[in-house]
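Colleague: Could you look at this predicted model? Sequence included:
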Amino acid sequence: MEQYVIKGGTPLVGEVEIGGAKNAALAILAASIMTDETVTIENLPDVRDINVMLHAIEGIGAIVDRIDAHTVKINGSTISGMLVDYEYIKKIRASYYLLGALLGKYKKAQVALPGGCDIGSRPIDLHLKGFRALGAEVDISHGLISAAAEHLEGTHIYLDKVSVGATINIMMAAAMADGKTIIENAAKEPHVVDVANFLNSMGAGIRGAGTDVIRIVGVEKLHKTQYTVIPDQIEAGTFMFAAAATKGDVMVKNVIPKHLEATTAKLLEVGCEVEEFDDAVRVVCSKRMRHTQVTTLPYPGFPTDMQPQMSVILGIAEGTSTVTESIFENRFRYVDELTRMGADIKVESNIAIIAGVERYTGARVSAPDLRAGAALVIAGLAADGITVVDDIYYIERGYEHFEEKLASLGAQIEKVSSEKEIQKFTLKVS
């Protein structure tokens with residue numbers, strides 16, 4: 001098992017390049033099979049989740065040609081199976097996007113019930129409600145979701161709650177339905193917009209993505225395209241918070257500052273300096289941060305995927321802060337680990353009450369999920385002494401070359417796979 005070993009206390013300084021958005025890329029990869037022509041996708045992040053998704057697409061018979069670490073060509077004309085294996089689904093939840101893609105193109109699909117990070121229940125009833133509204137028969141049995149239709153008919157769909165997954169899945173199916181579909185109370189996240197732009201580049205008729213009403217005019221077929229995935233706002237936010245936690249000065253490059261507004265606002269509130277450029281943001285933190293209140297909300301609110309990182313910086317801020325998690329109920333599973341590093345956090349229902357401490361101290365901790373894992377690395381970078389983070393395969397699901405990028409900013413961090421290597425690192429840095 002691999003770990004990160006970190007000696008904290010060094011301010012991060014320098015420039016870091018952000019990769020493509022994992023959450024956008026996963027849905028775009030699924031949508032790429034909806035044409036029989038070859039699609040080229042660029043700026044893919046080279047992370048575990050993307051590789052699993054590509055294997056899932058190959059598993060149903062599509063041709064996947066990995067041009068380089070960040071570029072892939074996909075041809076969906078050779079798809080022979082409509083069943084997406086449980087092996088892929090249990091590793092990444094987003095394989096369920098193949099349901100909407102296959103249903104749209106072939107009017108039938110079978111996908112195992114999803115897995116992914118254990119951060120709380122993420123039911124897919126809204127996805128299924130949307131498919132049924134479009135005219136599909138949906139059945140769940142033997143751990144499989146089966147959807148089939150003679151033909152899909154455009155309709156008016158109101159989502160009971162804002163759901164990124166349901167918005168994208170319904171949008172894909174509706175793109176090849178007969179007539180017009182309207183999705184109300186749609187998710188407005190940047191990756192919803194990116195998937196809509198991708199489908200439109202293939203000839204789809206989607207308008208209004210990024211607002212809460214999306215209008216879709218179905219088309220008979222989609223064609224080839226070449227498309228570049230947007231930058232990852234969560235990776236960018238993670239490096240911005242790492243700069244703040246270590247009292248550093250970091251230029252985060254290849255970002256869309258508009259997507260980072262909620263993150264930037266909180267950094268300004270706690271006393272950091274944030275400078276925005278066309279495609280970069282610079283974060284400087286020169287003094288101890290102040291307390292604040294945070295509530296996670298759907299975009300453009302504060303992202304749930306940045307909540308653990310936010311808690312880490314508030315844990316060493318002055319005064320008492322509160323973090324309210326309104327999206328996922330299991331998102332505070334990292335609190336016990338952070339407490340081992342000296343944090344003073346009490347969780348009551350969906351609210352974390354954080355009394356700021358002077359500093360964290362190095363400890364051995366385990367990543368409970370992807371974003372919490374990254375947050376524990378940030379805590380390690382800010383802590384006195386040595387921190388070892390176990391279960392880093394969670395982190396590698398969504399961050400490309402994480403330790404290398406941090407090391408390029410001056411962090412003392414290494415990926416190791418034995419106690420011996422941990423000792424070697426400790427001797428080297430002490």
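Modeller: Sure thing, it's come through.
Colleague: mean confidence for the helix or strand containing residue 404?
Modeller: Residue 404 is part of helix 402-408, with elements assigned from DSSP states H and E. Average pLDDT, helix 402-408: 98.
Colleague: and residue 34, what is it in contact with?
Modeller: Residue 34 makes contacts with 76, 101, 104, 105, 172, 175, 176, 199, 202, 222, as judged by CB atoms under 8 Å, 6 or more residues apart in numbering. Heads up, the C-betas are built off the backbone N, CA and C, glycines and all.
Colleague: any idea which helix or strand carries the second one?
Modeller: According to DSSP H and E, residue 101 maps onto helix 97-106.
Colleague: Following the chain onward from that helix, which element is next?
Modeller: strand 108-112.
Colleague: Now that following strand - C-alpha only, CSV.
Modeller: Provided in CSV are the C-alpha atoms of strand 108-112 (Å, rounded to 0.1, in the frame of the first residue of the first chain):
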residue,chain,number,x,y,z
LYS,A,108,-31.5,0.5,-24.2
ALA,A,109,-28.9,0.2,-21.5
GLN,A,110,-27.9,-1.9,-18.5
VAL,A,111,-25.7,-0.6,-15.8
ALA,A,112,-24.9,-2.0,-12.3
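Colleague: what about residue 292, neighbour count?
Modeller: 21 (other CB atoms under 10 Å).
Colleague: Touching, it and residue 311? I think so.
Modeller: No. With contact defined as CB atoms under 8 Å, residue 292 does not reach residue 311; the gap is 11.4 Å.
Colleague: related to what we said a few turns ago, what's in contact with the helix holding residue 101?
Modeller: By CB under 8 Å, 6+ apart, the residues outside helix 97-106 that reach it are 26-27, 29-31, 33-34, 56-57, 60, 76, 79, 82, 84, 108-109, 111, 127, 131, 136, 145, 147-149, 152, 165, 168-177.
Colleague: Just the buried ones from those residues?
Modeller: Buried subset of the contacts of helix 97-106 (neighbour count, 16 or more other CB atoms under 10 Å): 26-27, 29-31, 33-34, 56-57, 60, 76, 79, 82, 84, 109, 111, 127, 131, 136, 145, 147-149, 152, 165, 168-177.
Colleague: all strands for the stretch 1-150 of the chain, in order.
Modeller: In the stretch 1-150 of the chain, the strands defined using DSSP state E, counting those that start in this stretch lie at 3-7, 13-17, 38-42, 63-68, 71-75, 83-84, 108-112, 137-141, 144-148.
Colleague: least reliable of those strands going by mean pLDDT?
Modeller: strand 83-84 (a mean of 84).
Colleague: now it: how far from the chain's centre is it?
Modeller: 23 Å (CA atoms, centre = their mean, to the nearest Å).
Colleague: Stretch 146-156 too?
Modeller: 29 Å.
Colleague: ok, now stretch 83-102?
Modeller: 16 Å.
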